[in-house]
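> Here you go, sequence then predicted model.
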Amino acid sequence: MSTRLGLALHDVADAAAHASAFGDPDDGTTVATVHRLASRVRRRRATRAAGTVTVAASAAGAVVLVGPQLTADLSPAADPDADPGTCRSSVATLPSGADDTLGVDLGFAAADGTETVGGPGNDGGVGTWQADSIDLVVAVSELPAATTDPSRLRFLVTRKEVVVATAQQPVDHAPTPSGQLLAEMYGTDRPPVDDPGTTLHALRGSETFWTQSLVDGGPGPIAQRTPMGLAACDGSGPLLPGEYDVWVTAVDAAGTAHGAAGPWELTVAPAERRLDARLPDGFPRDVPLIGGRLVAAHPHGAGWAAEVAADGEDRGRVAWDLLADAQAESLDEPVTVPPDPLSGATFWAGYHVDDWLVDAIPSRTADGEPSVVYVLRPGPDVRP
């Protein structure tokens with residue numbers, strides 16, 4: 001078992017929050033109980049989470065991204081009659097006059113909970129994703145003077161400078177002082193961090209919230225987290241795997257686009273829903289593993305451990321969705337699963353699939369590949 005897999009197994013154990021033995025109690029290299037290990041992992045997670053505080057934003061409607069279906073190596077030609085900032089238009093038509101200055105930083109929330117946000121060309125862009133939603137981080141510092149109230153911020157996904165998908169959210173025309181945002185986020189008139197003295201325009205999506213992350217041990221930029229879905233506007237399905245760019249423009253009440261910011265790189269990874277590689281004899285076949293490259297699978301204590309290399313900052317969510325579906329089928333009834341089983345916000349004993357309790361955690365292989373690590377433990381009705 002690789003060192004990375006061994007470390008990931010310790011993190012996965014936290015998700016179980018289960019008092020039964022984990023691994024072989026006679027082997028000093030394994031964990032005697034999940035509870036003993038959980039406290040250490042939660043402390044590590046709490047340290048990481050301390051840099052991120054959130055407050056829900058009031059609102060209307062989540063971002064839904066739509067666009068024409070693409071092939072792997074064919075991009076649609078720009079429609080010369082398309083209005084700027086609409087599907088099939090060229091980004092070259094976006095306004096860039098004196099009254100069209102648009103200040104936007106974009107980034108993403110990574111699988112390990114860290115957040116990145118920055119201007120066009122920032123390292124990592126808006127990430128790599130294999131499912132139908134992006135966990136976007138947005139900071140709007142300036143809207144074009146030409147915009148009117150109400151306004152919308154429109155996200156444009158492009159292929160070879162042609163808009164192939166769009167999304168939008170209402171945005172406050174009047175900016176909010178950063179000091180007010182900090183007070184709301186920290187729930188006090190005296191936040192524990194310095195006020196940068198800036199202003200931001202708030203997005204008003206129903207699943208949008210404010211956040212601030214640590215950067216090099218200090219407070220990072222204030223921004224908003226919001227989901228951005230990926231779906232084809234012609235109804236043919238999601239965007240196919242490939243490399244894209246994301247641009248941003250502002251749209252006024254009349255539907256006219258003003259300003260342009262971008263590009264940020266976006267990678268859509270293949271959505272390999274379930275692993276089809278050969279597993280060792282005895283590995284529970286009804287427990288679904290995420291699609292990708294099998295790194296390891298072997299007995300672990302009274303159960304099993306496995307690691308699958310899989311792309312995407314959403315690989316944890318993809319793995320959890322597979323397990324939730326398997327649990328619902330195994331129990332023959334709907335199940336309620338926390339949005340993030342590893343957050344520690346709710347008690348979580350693991351997914352119950354047939355006779356097994358299954359935990360999964362986003363990780364990285366010894367070579368640095370993104371991966372998901374699984375731990376399977378005998379369920380409460382099973383004897384080792």
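Perfect, I can see it now.
> Can you report how many residues neighbour Gly97?
Per other Cβ atoms under 10 Å, the neighbour tally for Gly97 reads 11. C-beta: built from backbone N, CA, C; applies to glycine.
> for the stretch 51-200 of the chain, what spans make up the strands?
53-56, 63-67, 103-109, 115-118, 128-129, 133-142, 151-159, 162-171, 176-177, 199-200 (DSSP state E, counting those that start in this stretch).
> After the last one, which helix or strand is next?
Going down the chain from strand 199-200, the next helix or strand is strand 209-215, by DSSP states H and E.
> Now the element after that next one, going C-ward?
Per DSSP H and E, the helix or strand that comes after strand 209-215 is strand 218-232.
> Now find how far off-centre that following strand is within its chain.
Chain-centre distance of strand 218-232: 9 Å, with Cα atoms, centre = their mean, to the nearest Å.
> For the strands of the stretch 51-200 of the chain, could you give me JSON lines that also reports mean neighbour count and mean pLDDT?
Listed next are the strands of the stretch 51-200 of the chain as JSON lines, based on neighbours: other Cβ atoms under 10 Å; pLDDT from 0 to 100:
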{"stretch": "strand 53-56", "mean neighbour count": "15", "mean pLDDT": "38"}
{"stretch": "strand 63-67", "mean neighbour count": "22", "mean pLDDT": "47"}
{"stretch": "strand 103-109", "mean neighbour count": "23", "mean pLDDT": "94"}
{"stretch": "strand 115-118", "mean neighbour count": "21", "mean pLDDT": "88"}
{"stretch": "strand 128-129", "mean neighbour count": "24", "mean pLDDT": "94"}
{"stretch": "strand 133-142", "mean neighbour count": "22", "mean pLDDT": "93"}
{"stretch": "strand 151-159", "mean neighbour count": "23", "mean pLDDT": "93"}
{"stretch": "strand 162-171", "mean neighbour count": "23", "mean pLDDT": "91"}
{"stretch": "strand 176-177", "mean neighbour count": "14", "mean pLDDT": "94"}
{"stretch": "strand 199-200", "mean neighbour count": "20", "mean pLDDT": "96"}
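> I'd like those strands as CSV, with distance to Val251 appended.
Shown next, in CSV, are those (distance: least, Cβ to Cβ, whole Å):
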stretch, distance to Val251
strand 53-56, 24
strand 63-67, 13
strand 103-109, 13
strand 115-118, 22
strand 128-129, 24
strand 133-142, 13
strand 151-159, 5
strand 162-171, 7
strand 176-177, 20
strand 199-200, 19
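> Okay, now the sheet partners of whichever strand or helix holds Pro263, with direction.
Pro263 is part of strand 257-268, with elements assigned from DSSP H and E. Strand pairing for strand 257-268, using DSSP bridges, gives strand 128-129 (parallel), strand 242-251 (antiparallel).
> And the following helix or strand past it, what does it pack against?
The first helix or strand that comes after strand 257-268 along the chain, using DSSP H and E, is strand 293-300. Judged by 3 or more Cβ pairs under 8 Å, 6 or more residues apart in numbering; DSSP states H and E, strand 293-300 is in contact with helix 3-16, strand 303-309, strand 370-378.
> Lowest average confidence across those, which one?
Here the helices and strands packed on strand 293-300 differ in mean pLDDT, and the lowest is helix 3-16 at a mean of 45.
> Show me which positions of stretch 279-286 end up buried.
Neighbour-count burial for stretch 279-286, counted by 16 or more other Cβ atoms under 10 Å, picks out Leu279.
> Lowest mean pLDDT among the helices and strands of the chain, which one is it?
Lowest by mean pLDDT, DSSP states H and E among the helices and strands of the chain is helix 34-49, with a mean of 32.
> beta partners for Val353?
With DSSP bridges applied, Val353 shows beta-bridge pairing to Trp356.
> what does the model give it for pLDDT?
90.
> how much space between it and Asp332?
12 Å (Cβ to Cβ, to the nearest Å).
> With Gly350 instead?
Counting by Cβ to Cβ - Gly350 and Asp332 are separated by 19 Å.
> More neighbours: which of these two?
Neighbours per residue, other Cβ under 10 Å: of Gly350 and Asp332, the larger number sits with Gly350, 24 against 6.
> how close does the closest residue to that one other than its chain neighbours sit to Gly303?
Using Cβ to Cβ, 6 or more residues apart in numbering and skipping the chain neighbours, the partner closest in space to Gly350 is Leu357 (3.8 Å). Separation of Leu357 from Gly303 (Cβ to Cβ) stands at 8 Å.
> which neighbours do these two share?
Counting by Cβ atoms under 8 Å, 6 or more residues apart in numbering, the contacts common to Leu357 and Gly303 are Leu376, Arg377, Pro378.
> Dump the residues you listed to CSV, plus neighbour count.
Output for the shared contacts of Leu357 and Gly303, formatted as CSV (neighbours: other Cβ atoms under 10 Å):
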residue, neighbour count
Leu376, 26
Arg377, 27
Pro378, 16
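> From those residues, pick the one nearest Ala231.
Of all these, Leu376 has the smallest distance to Ala231: 33.8 Å, by Cβ to Cβ.
> ok, what's across the strand from the residue nearest the centre of the chain?
Centroid check for the chain by Cα atoms, centre = their mean gives Asp135 as the closest residue, at 3.8 Å. Asp135 has these beta-bridge partners by DSSP bridges: Pro227.
> ditto for Thr249
With DSSP bridges as the rule, Thr249 is bridged to Arg154.
> just to revisit the earlier point, can I get the strands paired with strand 257-268 in JSON lines with distance to Asp314?
Converted to JSON lines, the strands paired with strand 257-268 look like this (distance: least, Cβ to Cβ, whole Å):
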{"stretch": "strand 128-129", "distance to Asp314": "5"}
{"stretch": "strand 242-251", "distance to Asp314": "16"}
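> Perfect, that will be all.
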